[in-house]
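**Q** Got a sequence here, can you build the structure:
(2 chains)
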There are 2 protein chains.
Amino acid sequence: MTAVPKISGATRLYAIVGDPIAQVRSPEVFTARFAAMGVDAVLIPVHVPDARFDAIVPALLDIGNLDGVLVTVPFKARMLRFATHLGETARCIGALNALRRDADGAWTGDMFDGAGFVRGAQAKGERLAGRRVALFGAGGAGSAIACALAEAGVASVAILDPETGRAGALADTLRAAFPGGRFDVAGSVPADANLVVNASPVGMAPGDGLPADLGTLAPGTLVGDVVVSEAPTAMIRHATACGCRWVNGRDMHAGQVDVLLNFLLPHGPRPR
Amino acid sequence: MTAVPKISGATRLYAIVGDPIAQVRSPEVFTARFAAMGVDAVLIPVHVPDARFDAIVPALLDIGNLDGVLVTVPFKARMLRFATHLGETARCIGALNALRRDADGAWTGDMFDGAGFVRGAQAKGERLAGRRVALFGAGGAGSAIACALAEAGVASVAILDPETGRAGALADTLRAAFPGGRFDVAGSVPADANLVVNASPVGMAPGDGLPADLGTLAPGTLVGDVVVSEAPTAMIRHATACGCRWVNGRDMHAGQVDVLLNFLLPHGPRPR
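**A** Numbers count the residues shown, from 1 in each chain, chains lettered A, B, ... in the order given. Coordinates of the predicted model:
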């Protein structure tokens, strides 16, 4: 990181809110990107204690030189009500991870966790439209990815989750939002799947294996894994062993930074 | 500025609040000093719109990783009620310009505008105790300087202000707080004054002259001027012409940075 973030009285603020906050990497990443773009802004970590969320957020949004907010655990759903306008994905999923101040002072919010996966795949030259998806996990990350994949034009999504109730609810949500697609709860990976995505927590613990027995994957299958880890996860190792291409948690995060910068700075970088 | 302020999720926040805010220099100055001290913290500008002050401040003070607040125009008096504990000077003057979060979560506030002047003078080797002061201006800056000079042990303060009412009120406040000193409203600089301080706005406009006819100052007279300007003010030029030593607005601001850092980091720098 060679760019020097310099803070003056005229510097614009972006905040990431969460509880806890010390683990987030966005302040480093975005502040460096702002500097590289010539935008006089910093992204600051803001530790909002859970019990004070509803009181702190409206005050934050009233700060005159604060232009955007990123949202992390546990506030992605609770932030929804502070947006003046909601993007399609946020409305579909019922959660958001970014808010931006518009020229008229209104706050527009949307959810980019899934768009980050799509952008990360596209950045690696992968084509997603028409793919038949098997998705592990119907939680926050899985819902966001399912929605973004549907927007990217996949043909179908088979949703695998031990909690079949939330898998079914997600399938219903997707059917309502994307009438042209096929969205089903599944107990195993369909034989014709050619995009297999792990959005479950399996892989986060060092000894974790695959989210399910995947057999040998056809080489044209694209494998995705939301887990960010030093060593490749079992899922990514299996993809490599089968000769498949993959998109991992780092690709997804890098993709999301680009997507979020486009959202936060819709008119491009402003000169310093 | 060679130190690189790097912002991570673990970075601690200090804020300066004001309306407007773009003109403040503290973010640059303090962020560089934190970095030089090895303290993982930044000072951010926070534009608090006047009408939203009472709603925003309590929320700011509830942010878990915010450890201190500097206060500028127009909030120095209104911030008083948000402090759990007040220092002597803040209580005496009825205004504060810094708040720090104590280990028990309480907020201690105090006013350092005057201490900055005293520190700036001391940094230049000037002795203040026993001096007979003529002070122009009984507003916020003048009150803070009068109080700090009284604490530093000056023998007397003659207060000159076209608004004689506020000059008298300041004299009364000082008499009550420092029973040993002599504090009077004056219409001209007493003949025996050997510390002449301009804390009035005279000198801020480029064409401004002296706050009053000062005649020829005795060489042992110390001259102070709160005005920060590129070119020397008429007051400082007059001091130089009379062979007097002086303390200007820049000396005062530099002194205040040291005093404020001691206040904000009472246990010294914490390692990164």
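
**Q** Would you check that A:Arg132 makes contact with A:Val189?
**A** No - under the criterion of CB atoms under 8 Å, A:Arg132 is not in contact with A:Val189, lying 10.2 Å apart. In short, each C-beta sits where N, CA and C put it, glycine included.

**Q** Neighbour count: the two, which is higher?
**A** Set A:Arg132 next to A:Val189 and count neighbours by other CB atoms under 10 Å in any protein chain shown: A:Val189 wins out with 21 against 18.

**Q** does that one count as helix, strand or coil?
**A** coil (DSSP: H, G, I helix; E, B strand; the rest coil).

**Q** what sits against it?
**A** A:Val189 sits next to A:Ala134, A:Ala158, A:Leu160, A:Val196, A:Ala212, A:Leu214 when contact means CB atoms under 8 Å, 6 or more residues apart in numbering or on different chains.

**Q** Quick check, pLDDT for it.
**A** Per-residue pLDDT puts A:Val189 at 96.

**Q** do A:Asn262 as well
**A** Turning to A:Asn262, the model gives it a pLDDT of 95.

**Q** biggest separation within the contacts of A:Val189, which pair?
**A** A:Ala158 and A:Leu214 (13.0 Å; CB to CB).

**Q** Narrow the contacts of A:Val189 to those in strands?
**A** Residues of these located in strands (DSSP state E): A:Ala134, A:Ala158, A:Leu160, A:Val196.

**Q** Can you tell me which of the residues you listed has the most neighbours?
**A** A:Val196 (30 neighbours).

**Q** which residues sit against the helix or strand that A:Asp258 is a member of?
**A** Assigned by DSSP states H and E, A:Asp258 belongs to helix A:249-264. Helix A:249-264 is contacted from outside by A:14, A:25, A:29-30, A:33, A:37, A:67-68, A:70, A:98, A:100, A:110, A:112-113, A:115-124, A:224-229, using CB under 8 Å, 6+ apart.

**Q** Could you break chain A into its assigned domains?
**A** If you go by automatic domain parsing, the domain ranges for chain A are A:12-111, A:114-253.

**Q** okay, those domains in TSV with distance to B:Arg182 next?
**A** Below are these laid out as TSV (distance: least, CB to CB, whole Å):
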stretch	distance to B:Arg182
domain A:12-111	45
domain A:114-253	67
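
**Q** sorry, back to before: show me which residues of the helix holding A:Asp258 are buried.
**A** A:249, A:251-253, A:255-261, A:263-264 (16 or more other CB atoms under 10 Å in any protein chain shown).

**Q** so which of those comes closest to B:Ala152?
**A** Using CB to CB, these come closest to B:Ala152 at A:Leu264, 49.1 Å.

**Q** distance of the closest one from B:Val196?
**A** 52 Å (CB to CB, to the nearest Å).

**Q** Would you enumerate the residues in contact with the residue sitting nearest the centre point of chain A?
**A** By CA atoms, centre = their mean, chain A has its centre lying nearest to A:Asp113, at 1.0 Å. A:Asp113 makes contacts with A:Asn97, A:Gly140, A:Ala141, A:Ala144, A:Ile145, A:Ala148, A:Gln256, as judged by CB under 8 Å, 6+ apart.

**Q** right, and the pair among the residues you listed with maximum separation?
**A** Greatest spacing in the contacts of A:Asp113, by CB to CB: A:Gly140 and A:Gln256 (13.7 Å).

**Q** could you pull out the strands for chain A?
**A** With strands called from DSSP E, chain A shows them at A:12-18, A:41-47, A:66-71, A:85-86, A:98-101, A:107-110, A:132-136, A:156-160, A:182-185, A:195-198, A:222-225, A:245-247.

**Q** Quick check: which of the ones you listed is buried the most?
**A** With neighbours taken as mean count of other CB atoms under 10 Å in any protein chain shown, the strands of chain A reach their highest mean count in strand A:195-198, at a mean of 28.

**Q** can you list contacts of that one?
**A** By CB under 8 Å, 6+ apart, strand A:195-198 touches A:117, A:128, A:131-137, A:145, A:149, A:154, A:189, A:211, A:214, A:217, A:221-227, A:233, A:235.

**Q** Mind exporting the C-alpha coordinates of stretch A:213-224 to CSV?
**A** Provided in CSV are the C-alpha atoms of stretch A:213-224 (Å, rounded to 0.1, in the frame of the first residue of the first chain):
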residue,chain,number,x,y,z
ASP,A,213,-20.0,-35.6,-0.9
LEU,A,214,-19.6,-34.0,-4.3
GLY,A,215,-18.2,-37.0,-6.2
THR,A,216,-16.0,-36.2,-9.1
LEU,A,217,-17.0,-32.8,-10.7
ALA,A,218,-17.1,-32.5,-14.5
PRO,A,219,-14.2,-30.2,-15.6
GLY,A,220,-16.6,-27.5,-16.9
THR,A,221,-18.1,-27.1,-13.4
LEU,A,222,-17.3,-23.8,-11.8
VAL,A,223,-16.8,-24.0,-8.0
GLY,A,224,-17.4,-21.1,-5.6
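
**Q** Setting aside sequence neighbours, what's the nearest residue to A:Ala123?
**A** A:Gly255 (5.8 Å; CB to CB, 6 or more residues apart in numbering or on different chains).

**Q** my guess is A:Ala134 meets A:Asp192, correct?
**A** No - using CB under 8 Å, A:Ala134 makes no contact with A:Asp192, being 9.6 Å away.

**Q** coming back round to it: now do the shared contacts for A:Arg132 and A:Val189.
**A** Taking CB under 8 Å, 6+ apart as the contact criterion, the common neighbours of A:Arg132 and A:Val189 are A:Ala158.

**Q** List the contacts of A:Cys92.
**A** By CB under 8 Å, 6+ apart, A:Cys92 lies in contact with A:Cys147, A:Thr173, A:Leu174, A:Ala177.

**Q** Please apply the same query to A:Ala129.
**A** By CB under 8 Å, 6+ apart, the contact set of A:Ala129 is A:Ala152, A:Gly153, A:Val154.

**Q** try 6 Å
**A** Neighbouring residues of A:Ala129 by CB atoms under 6 Å, 6 or more residues apart in numbering or on different chains: A:Gly153.

**Q** Just list the residues touching A:Ser26, thanks.
**A** Contacts for A:Ser26 (CB under 6 Å, 6+ apart) come out as A:Ile16, A:Leu43, A:Leu70.

**Q** which residues in the stretch 51-200 of chain A form helices?
**A** Along the stretch 51-200 of chain A, counting by DSSP state H, counting those that start in this stretch, helices occupy A:53-61, A:88-93, A:113-123, A:140-151, A:164-177.

**Q** Tell me which of those sits nearest to A:Val202.
**A** Of all the helices of the stretch 51-200 of chain A, helix A:140-151 sits nearest to A:Val202, with 11.8 Å by CB to CB.

**Q** Assess the claim that A:Gly142 and A:Pro201 are in contact.
**A** No - counting by CB atoms under 6 Å, A:Pro201 is not a contact partner of A:Gly142; they are 10.4 Å apart.

**Q** The two - which one has more neighbours?
**A** Neighbour count, other CB under 10 Å: between A:Gly142 and A:Pro201, A:Gly142 has more, with 27 against 15.
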